[in-house]
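The following comprises the amino acid sequence and a computationally predicted model.
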Amino acid sequence: MTDSFSALSLAHKFISENVKPGDFCIDATAGRGNDTAFLCRLVGDSGKVLAFDIQQEAVESTNALLQKEGLDKIGRAILESHHNMGLYAEKESVSCITFNFGWLPGGNHKISTRPETSIKAIEAGLELLKPDGVMSLCIYYGRDTGFEERDALLEYFKTIDCKRFTVLVSQFANRPNCPPFPVFIYKGR
């Protein structure tokens, strides 16, 4: 199996094809900061990236990574639930929002995203996306957590207004265990 066909690498390819310098992006689940840094590099010095996480460890890890890589003037992580991202951005002002549902890499698997706040966060994000904006969602599930959230998200995606958005769910059919999978949402004009 090659890295070029992981959920994350496919998500990064999708994001890089849709984000340009000067854009405003949101990393709704900061984690260790890798996606936040990736977005910062794409938007460049003229852009802006906000990241959210409910775990202090994730916020500190993300901000430390941004500072280490010289990206802290472009992006920052905030200790806040992703479903409150609308408090930090105007409607139709965001080019890209990215999510990694599940748990903090290397963290406690008992602390993970939950369907009730994750769906609220997606709904908030859909309103923040500008026309032609995109959302990338990687769904990690398995082990002790995630099946309930995975199932709730898959049902929720079916209810998103097809006149305003296109939702593409990509699942790996021939991977063992519980492989994470990407979901891509496009907002129309």
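Ah, there it is. Note that the structure is a prediction, hence the values are computed from the model and not measured.

Please make it C-alpha for all contacts and neighbour counts, starting now.
Noted.

any idea which helix or strand of the protein has the worst average confidence?
The weakest-scoring helix or strand in the chain, judged by mean pLDDT, DSSP states H and E, is helix 147-157 (a mean of 89).

quick one: buried residues of that helix?
Buried residues in helix 147-157, counted by 16 or more other CA atoms under 10 Å: 147, 149-150, 152-153, 157.

Determine which two of the residues you listed are furthest apart.
F147 and F157 (15.5 Å; CA to CA).

where do the strands sit along this protein?
24-27, 48-53, 75-79, 94-101, 129-139, 165-169, 181-187 (DSSP state E).

now, of the ones you listed, which is deepest in the fold?
strand 24-27 (a mean of 29; mean count of other CA atoms under 10 Å).

Pairing partners for that one, with directions?
strand 48-53 (parallel), strand 94-101 (parallel) (DSSP bridges).

re the thing from before, ok, which of the strands of the chain comes nearest S61?
The closest of the strands of the chain to S61 is strand 75-79. By CA to CA, the value is 9.1 Å.

what packs against that closest one?
Judged by 3 or more CA pairs under 8 Å, 6 or more residues apart in numbering; DSSP states H and E, strand 75-79 is in contact with helix 34-43, strand 48-53, helix 56-68.

got the angle between that strand and strand 48-53?
If you take axes from the mean of the first three to the mean of the last three CA atoms, to 10 degrees, strand 75-79 sits at 30 degrees to strand 48-53.

Now do strand 75-79: distance to the chain's middle.
Using CA atoms, centre = their mean, to the nearest Å, the mean C-alpha position of strand 75-79 is found 14 Å from that of the whole chain.

In its sheet, which strands sit next to that strand, and in what direction?
Sheet pairing of strand 75-79 (DSSP bridges) gives strand 48-53 (parallel).
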